[in-house]
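> Take this sequence and fold it.
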Amino acid sequence: MDRLKSMRVFQAVVDEGGFAAAARRLDLDPAVVTRLVADLEQHLGTPLLQRTTRRVAPTPAGEAYGARLRTILAEIDEADASVSGHAHELRGLLRILALPVMANHVLAPALPAFMERYPEIQIDLRSLVAGEPALEDHDLTFVGGNVPLPADVVVREVASSDIVLCAAPGYLRHHGTPRQAADLGSHRILKQRMPGLSSDRLTLQHPSGELPPLVVPVQPAVVSDNTDALLRATLEGAGISSQPQHLVAPYMASGQLRAVLAPCITGCVTLVAAYPGRRFLPARARVFLDHLAGKLEVSLGRARAACRR
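Residues are numbered from 1 along each chain as shown. Here you go, the predicted model:
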């Protein structure tokens, strides 16, 4: 039995949720996939998968084995890449985990140019919905700088940006543009729900930090813990919201959003990329980080210029 091949096939079945889907992904005959998994189960002496008419799911033993296996296979791939030369490293699968709002508004816009430049790198982009990020299962994990991470994780700052008030031009034409902080009280405010913080006030500050913060009472029209929903609502003209500039940079540069009460901000935020410190970082991950940081630098520069206009 080709033990390594059987391991890869088992992992593909778990990832794809079935034998047929794994066979298509690996370009193998379904019967071969079934046999290799059965051989692996026989070798280990325990069932790894529960098979029903509707789905395939790992058994408890399969879950434990798969968790260890994913790391082992990734390290084998990385070991191969580390000695195969730069050209070989710039191909293969790049596994990325990110919060949905980052995936939609930061990573996705950066993909076309990256794919054009590195056509042999395939992207597996997954959403971090809730819970602790599964860093071991991914080459790069993108989170906010305020997210707690294990001590043995390597963290690279990708972008640091202000949180700005913004609105769609259509909303401002219909409801007027606030000229001073007190004007916000008569506007539709789209507010993010934050644990331990009141939703009926906004704290404005100057980017220089030289002036004391100003707390402004507001009556939110919408309160949500979904940043992406608030951003989409803002783009559609629902009201004024506070958004990290690295998220809204493309929309501000294109004129889809306009800054409100600039240069005042409501805070600042950092976007970081994290990966396990003991793991070799593949060159495909390094070039993606460099590409993303460069794109964000240009986009943020345009957005800051738009804020000054």
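> Helices of the stretch 151-300 of the chain, residue ranges please.
For the stretch 151-300 of the chain, the helices defined by DSSP state H, counting those that start in this stretch occupy 169-175, 227-235, 245-254, 283-308.
> Show me what counts as buried in the shortest one.
By neighbour count with 16 or more other C-beta atoms under 10 Å, helix 169-175 contains the buried residues 171-172. (C-beta placed from N, C-alpha, C; glycine too.)
> do stretch 30-43 as well
33-34, 36-37, 39-41.
> tell me what the host helix or strand of residue 33 is packed against?
Per DSSP states H and E, residue 33 falls inside helix 30-44. Judged by 3 or more C-beta pairs under 8 Å, 6 or more residues apart in numbering; DSSP states H and E, helix 30-44 is in contact with helix 3-16, helix 19-26.
> about what we covered before: got CSV for the buried residues of stretch 30-43, with distance to residue 176 and pLDDT too?
CSV is the format used below for those (distance: C-beta to C-beta, whole Å; pLDDT from 0 to 100):
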residue, distance to residue 176, pLDDT
33, 63, 86
34, 66, 87
36, 66, 86
37, 64, 87
39, 71, 87
40, 67, 84
41, 68, 85
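> now those residues in CSV, with distance to residue 102?
Below are the buried residues of stretch 30-43 laid out as CSV (distance: C-beta to C-beta, whole Å):
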residue, distance to residue 102
33, 34
34, 38
36, 36
37, 35
39, 40
40, 36
41, 38
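> Strands along the stretch 151-300 of the chain, start to end?
Assigned by DSSP state E, counting those that start in this stretch, the strands in the stretch 151-300 of the chain fall at 153-167, 189-192, 201-204, 214-217, 220-224, 240-244, 258-259, 265-276.
> re earlier: chain center to the helix or strand just after the helix holding residue 33: distance?
Using DSSP H and E, the helix or strand that follows helix 30-44 in sequence is strand 49-51. Offset of strand 49-51 from its chain centre (C-alpha atoms, centre = their mean, to the nearest Å): 31 Å.
> Please identify the pairing partners of strand 49-51 and their relative orientation?
Sheet pairing of strand 49-51 (DSSP bridges) gives strand 56-58 (antiparallel).
> Check which residues of the strand it pairs with are buried.
Buried positions in strand 56-58, judged by neighbour count with 16+ other C-beta under 10 Å: 56, 58.
> And stretch 101-108, by the same measure?
Neighbour-count burial for stretch 101-108 [16+ other C-beta under 10 Å]: 101-107.
> Now do that stretch: everything it contacts.
The contact list for stretch 101-108 (C-beta atoms under 8 Å, 6 or more residues apart in numbering) reads 96, 98, 125, 127, 142-143, 227-228, 231, 246-248, 250, 271, 292, 296.
> Kindly report the same for stretch 37-46.
In contact with stretch 37-46 (C-beta under 8 Å, 6+ apart) are residues 1, 3, 6-7, 9-10, 13, 19, 47-49, 59, 61, 65.
> 7 Å instead?
By C-beta atoms under 7 Å, 6 or more residues apart in numbering, the surrounding residues in contact with stretch 37-46 are 1, 6-7, 9-10, 13, 47-49, 61.
> ok, now stretch 215-223?
181-182, 184-185, 188-191, 193, 199-204, 233, 238-239.
> how does it look with 8 Å?
181-182, 184-185, 187-193, 199-204, 230, 233, 238-239.
> just the CA coordinates of it, formatted as CSV?
Taking C-alpha atoms only, stretch 215-223 is exported to CSV below (Å, rounded to 0.1, in the frame of the first residue of the first chain):
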residue,chain,number,x,y,z
VAL,A,215,-18.5,61.4,22.5
VAL,A,216,-21.5,62.0,20.3
PRO,A,217,-25.0,60.7,21.2
VAL,A,218,-26.7,58.9,18.3
GLN,A,219,-29.9,56.9,17.6
PRO,A,220,-28.8,54.0,15.4
ALA,A,221,-31.1,53.0,12.6
VAL,A,222,-29.4,49.6,12.4
VAL,A,223,-27.2,47.8,14.9
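> buried residues in stretch 209-224?
Buried residues in stretch 209-224 (16+ other C-beta under 10 Å): 216, 218, 220, 222, 224.
> Out of the strands of the stretch 151-300 of the chain, which is closest to residue 137?
Proximity to residue 137 (C-beta to C-beta) singles out strand 265-276 among the strands of the stretch 151-300 of the chain, at 9.9 Å.
> distance between the closest one and the chain's centre?
11 Å.
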